[in-house]
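S.K.: generate coordinates for the sequence data below:
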Amino acid sequence: MSSTAATNRKRQSAAADASARPSQLLHWYDRHRRRLPWRAEAGETPDPYRVWLSEIMLQQTTVKAVGPYFEKFVARWPDVAALGRASLDDVLRMWAGLGYYSRARNLHACAVAVLRDHGGVFPDSEEGLKALPGIGPYTAAAIAAIAFDISTMPVDGNIERVVSRLFAVEQELPQAKPVIQQLAATLLAETRAGDSAQALMDLGAAICTPKRPACALCPLNDDCASRARGEQESFPRKAPKKSGQLRRGAAFVVTRGDELLVRSRPEKGLLGGMTEVPGSDWLAGQDDKAARQQAPELKGLTCWQRKAGVVTHVFTHFPLELVVYRARVAGRTRAPPGMRWVSVATLADEALPNVMRKVIAHGLDL
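M.R.: Next up, the predicted model:
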């Protein structure tokens, strides 16, 4: 056989393999699909509300962490209309601990918009979905494919990893995202768009894992470019992460009997609308003296006890260290303007972010 004929035969074989990928994925998915609380069973019609809610919760959060929160939300608000009638404070309280709190605010705003502008029914097109608060291109594609079986391929972190390895995409993320999006679309079956997307998601979660992928179990293993090179774990290529500069501050834990002094953060910005104990600004290079001077002023309070150690927390863009000061005041002491007293016994009902839970536990020796 001539070299030209051999090359053409290889190309024909590769083309045949490529055309078979979508059906291979669906065949694997039908046998190995994950059972998730928001996922419709085989043959069932997906609920757009549950798909949307899960996709918002799963942004930058693991399936394991999301599960209990999802169950609590659907038990409290079984459909988007119920959620749209809820108060933002209630939504933030239910979300507390899940992190990335702008998602909770967008979730509520989206539910209000669906109820107000669409009669409690989600739009069934990508463009209509993208017009809603908090729904970007990925989330719109995910809802469109999974809930409405529209022929589109959402690309999450799992799919990104599978595709970059399957095709050995050399370009680094995030610049490689458009290329990966185009390649992912080639894995979309002519029917069952939602199952195609979920098959890739499950493949990335269960088989094509970030470390030590189980390539022997992968339905696409014979066709994987990175596996052929023995470089699976080196994909996707990523540019080095830049770590944010350390910020410092102080937190002030004040009790009045069995009550704790708290306030709400501004609606916009980091941890918007969440509950916190009073504190200083969080600044790079801030010294303890400057932070201490931002303590709340309460009648009769003259002595602060500095707790040993610091509370540490890492946000997406920066790490944080907080010195914690402790104080007690008399029973009838009024809260300063913009602050309030809440019972320590009912703190679970407050919309406390994780960093504040750490601060309170440290300050009260819980």
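S.K.: bridging residues for the nearest residue to Asp288 once chain neighbours are set aside?
M.R.: In this structure, Asp288 finds its nearest non-sequential neighbour in Val323, 5.8 Å apart by Cβ to Cβ, 6 or more residues apart in numbering. Heads up, the C-betas are built off the backbone N, CA and C, glycines and all. Counting by DSSP bridges, Val323 is bridged to Ala250.
S.K.: and the pLDDT at Val323?
M.R.: Val323 is assigned a pLDDT of 95 by the prediction.
S.K.: switch to numbering from 885
M.R.: With 885 as the first residue, the last one maps to Val1207.
S.K.: dump the residue contacts of it.
M.R.: With contact taken as Cβ atoms under 8 Å, 6 or more residues apart in numbering, Val1207 is in contact with 1132-1135, 1172, 1175-1176, 1190-1191, 1194.
S.K.: out of the residues you listed, name the ones that lie in helices.
M.R.: 1172, 1175-1176 (DSSP state H).
S.K.: that older thread, pLDDT check: weakest of the contacts of Val1207?
M.R.: In terms of pLDDT, the least confident member of the contacts of Val1207 is Asp1172, at 86.
S.K.: next, count neighbours for Val950.
M.R.: Number of residues near Val950 (other Cβ atoms under 10 Å) recorded here: 21.
S.K.: residues in contact with the helix or strand hosting it?
M.R.: Here Val950 sits within helix 947-960, counting by DSSP states H and E. With contacts defined as Cβ under 8 Å, 6+ apart, helix 947-960 is touched by 920-922, 934, 937-938, 941-942, 966-967, 970, 978-979, 981-982, 1089.
S.K.: residue ranges with poor pLDDT in the stretch 885-1034 of the chain?
M.R.: 885-901 (pLDDT under 70).
S.K.: so where do the helices sit in it?
M.R.: 887-916, 932-942, 947-960, 964-969, 972-979, 986-1002, 1010-1014, 1021-1032 (DSSP state H, counting those that start in this stretch).
S.K.: now for those helices, which one comes closest to Ala1211?
M.R.: Proximity to Ala1211, assessed across these by Cβ to Cβ, is greatest for helix 972-979 (26.3 Å).
S.K.: what packs against that closest one?
M.R.: Here helix 972-979 touches helix 947-960, helix 986-1002, going by 3 or more Cβ pairs under 8 Å, 6 or more residues apart in numbering; DSSP states H and E.
S.K.: returning to what we had before: among the ones in helices among the contacts of Val1207, which one has the most neighbours?
M.R.: Ala1175 (22 neighbours).
S.K.: skipping adjacent residues, who's closest to Gln908 in space?
M.R.: Nearest-residue entry for Gln908: Pro1103, 4.6 Å, with adjacent residues in sequence omitted and distances by Cβ to Cβ, 6+ apart.
S.K.: got the phi and psi for Val1198?
M.R.: The phi and psi values for Val1198, taken as degrees, to the nearest 10, are phi -120, psi 120.
S.K.: for it, name its beta-bridge partners.
M.R.: Pro1203.
S.K.: surely it meets Asn1238?
M.R.: No: in this structure Val1198 lies outside contact range of Asn1238 using Cβ atoms under 8 Å: 10.3 Å.
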